[in-house]
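[1] for reference, the sequence and a predicted model appear below.
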Amino acid sequence: MTIHGSKYPGRERGSTWEGHSRRSSSASMASTEATSSSDNFTSMSREFSALVLAGSTINSHTHNYNNTHVHVDDAERSGNLGRIREEEEETNPLAIVPDHNPLMGSAASGSRDRVTVTSSVQRVKKEEVEAKISAWQNAEIAKINNRFKRQDAVITASETDHVHKATSWMNKVERKLEEKRARALEKMQNDIAKARRKSEERRASAEGKRGTKVARVLEIANLMRAVGKYPAKRSFF
């Protein structure tokens, strides 16, 4: 006997619905997984791009750093060579050293120019300081000289005053001494005159007495001649 349809039509419809729902859920899950995988791929591609960019940046920095170090090393080597050449030039001024580094030569000339400018500025500052020191020194010496001149004028005036006073006192003493000398001279002359007068008087008196005695002796001698007797040994005087 042919059975058309199912014995359990509800179950068949249910199983059909379950199959459709399972397929739809599987499709949705597949689409979700595809979406998530695409999102993951997009994020991974972004991360990979970021890593590549970071790596290129690091490489560029490393390359720049290496180039910088290379340039620094080259500059140091060039500076050392320049210093060696300068030392050789200083030790042997007649030696001819070829310039293999025109850039370093220009850099050295630039540094020499800067050193020259610096030395010129220092020399100008030193000259300014020296000029200020000289001006201060001259001003101080002028002050000292002016102060000495004033003190010397005061000392000279005091000396002149003391000399004048001493000279006046000496002149006064000399005048007094002259007066005393004059009085002493006058007294001396008076004493001399008095002594001479007394001497003359005494001489005259003695001369008179001598004359009288001589006259008496002559008179007695004449008398004895007249009588003819000689005088006795005993003197009459």
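    That came through, no problem. Numbers count the residues shown, from 1 in each chain.
[2] all contacts plus neighbour counts: C-alpha atoms, from now on.
    Will do.
[3] which strand or helix spans Ala232?
    Assigned by DSSP states H and E, Ala232 belongs to neither a helix nor a strand.
[4] remind me which residues of the protein are low pLDDT?
    Across the chain, the ranges flagged by pLDDT under 70 are 1-114, 231, 233-237.
[5] hey, which helix is longest across the protein?
    helix 102-227 (DSSP state H).
[6] ok, Met224 touching Tyr230?
    Yes: with contacts counted by C-alpha atoms under 8 Å, Met224 reaches Tyr230, the gap being 6.3 Å.
[7] so for those two, which sits in the more crowded spot?
    Met224 (13 against 9; other C-alpha atoms under 10 Å).
[8] for Ile192, see how far away the more buried one is.
    47 Å (C-alpha to C-alpha, to the nearest Å).
[9] ok, now Ala139?
    76 Å.
[10] same check, this time on Glu140
    Applying C-alpha to C-alpha, the value for Glu140 to Ile192 is 75 Å.
[11] likewise Trp169?
    Distance of Trp169 to Ile192, given as C-alpha to C-alpha: 34 Å.
[12] please apply the same query to Gly208.
    24 Å.
[13] can you check Met170 too?
    From Met170 to Ile192 the distance is 31 Å (C-alpha to C-alpha).
[14] how about Ala226?
    Distance, Ala226 to Ile192, by C-alpha to C-alpha: 51 Å.
[15] what does Arg210 give?
    26 Å.
[16] what's the answer for Ala184, then?
    12 Å.
[17] got it, and Thr116?
    Distance, Thr116 to Ile192, using C-alpha to C-alpha: 106 Å.
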